[in-house]
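**Q** Provide a 3D model corresponding to the input given below.
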Amino acid sequence: MARQRERDSRVAERKIIRRAVVREKTGYSDTTIWRLERKGLFPLRLLLTEGGAVGWYQDEVDLWVQTRVRHSGKPVRKIAPGCRDGRA
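**A** Numbers count the residues shown, from 1 in each chain. This is a model prediction of the structure:
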């Protein structure tokens, strides 16, 4: 019983974001997000109303974006002018 209340509490604290926010966070179109979902490569949407309104858990989308950020905060190697591969 205590475990169920703890789980319910965690779920209640999660924020649901709507489609426009997901597009803004990812830079992807609705169609691209849908395709990634179908392939299991993006967090699944939640059906919010019978009319078709959908949303995603913000923490899941944020984690997905963070795992795809290029260089993950590492310094970017400087490229020498006129060199395509960075070698002088």
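**Q** And the helices in the chain?
**A** 2-13, 19-26, 30-38, 58-68 (DSSP state H).
**Q** In JSON lines, list those along with distance to Arg45 and mean neighbour count.
**A** In short, each C-beta sits where N, CA and C put it, glycine included. Shown next, in JSON lines, are these (distance: least, CB to CB, whole Å; neighbours: other CB atoms under 10 Å):
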{"stretch": "helix 2-13", "distance to Arg45": "16", "mean neighbour count": "8"}
{"stretch": "helix 19-26", "distance to Arg45": "8", "mean neighbour count": "14"}
{"stretch": "helix 30-38", "distance to Arg45": "7", "mean neighbour count": "13"}
{"stretch": "helix 58-68", "distance to Arg45": "10", "mean neighbour count": "13"}
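**Q** For Gly51, which of the ones you listed is the nearest?
**A** helix 19-26 (13.5 Å; CB to CB).
**Q** Now do that closest one against helix 58-68, angle only.
**A** On the basis of axes from the mean of the first three to the mean of the last three CA atoms, to 10 degrees, helix 19-26 is oriented at 20 degrees to helix 58-68.
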